[in-house]
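Enquirer: Okay, sequence plus prediction incoming.
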Amino acid sequence: QASQVKLMIYDVLGRKIRTLEDGRRSAGVYTVEWDGTDSTGKPVSSGIYLVRLEAGSYHKVRKMVLVR
């Protein structure tokens, strides 16, 4: 079903780096690419980042590694 969706990137200290998606989406499969930049457009350094997905009552956090 359609719901509000947020997809955010955080560093390992919990600071928000960037919001990739924030809006209402219908049910379905979506793909989002992150270009490795923060919210100001500056490239971030290599390291471990957390991706948080919120879709309605669903919440999931995953680790990812950015290698430059």
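Expert: Looks like it arrived, so ask away. Residues are numbered from 1 along each chain as shown.
Enquirer: OK, contacts around residue 49?
Expert: When contacts are counted by C-beta atoms under 8 Å, 6 or more residues apart in numbering, residue 49 touches 9-12, 17, 63-66. Yep, even glycine has a C-beta here, placed from its N, CA and C like the rest.
Enquirer: Just send those residues back as a markdown table, with neighbour count and secondary structure too.
Expert: Shown next, in a markdown table, are the contacts of residue 49 (neighbours: other C-beta atoms under 10 Å; DSSP: H, G, I helix; E, B strand; the rest coil):
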| residue | neighbour count | secondary structure |
| --- | --- | --- |
| 9 | 22 | strand |
| 10 | 15 | strand |
| 11 | 15 | strand |
| 12 | 10 | coil |
| 17 | 18 | strand |
| 63 | 9 | strand |
| 64 | 11 | strand |
| 65 | 8 | strand |
| 66 | 15 | strand |
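Enquirer: okay if I get those as a markdown table plus pLDDT and distance to residue 39?
Expert: As requested, the contacts of residue 49 are exported to a markdown table (pLDDT from 0 to 100; distance: C-beta to C-beta, whole Å):
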| residue | pLDDT | distance to residue 39 |
| --- | --- | --- |
| 9 | 98 | 9 |
| 10 | 98 | 12 |
| 11 | 98 | 12 |
| 12 | 96 | 17 |
| 17 | 98 | 7 |
| 63 | 98 | 20 |
| 64 | 97 | 17 |
| 65 | 98 | 20 |
| 66 | 98 | 15 |
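Enquirer: could these go into a markdown table alongside distance to residue 55?
Expert: As requested, the contacts of residue 49 are exported to a markdown table (distance: C-beta to C-beta, whole Å):
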| residue | distance to residue 55 |
| --- | --- |
| 9 | 16 |
| 10 | 17 |
| 11 | 22 |
| 12 | 23 |
| 17 | 20 |
| 63 | 19 |
| 64 | 18 |
| 65 | 24 |
| 66 | 23 |
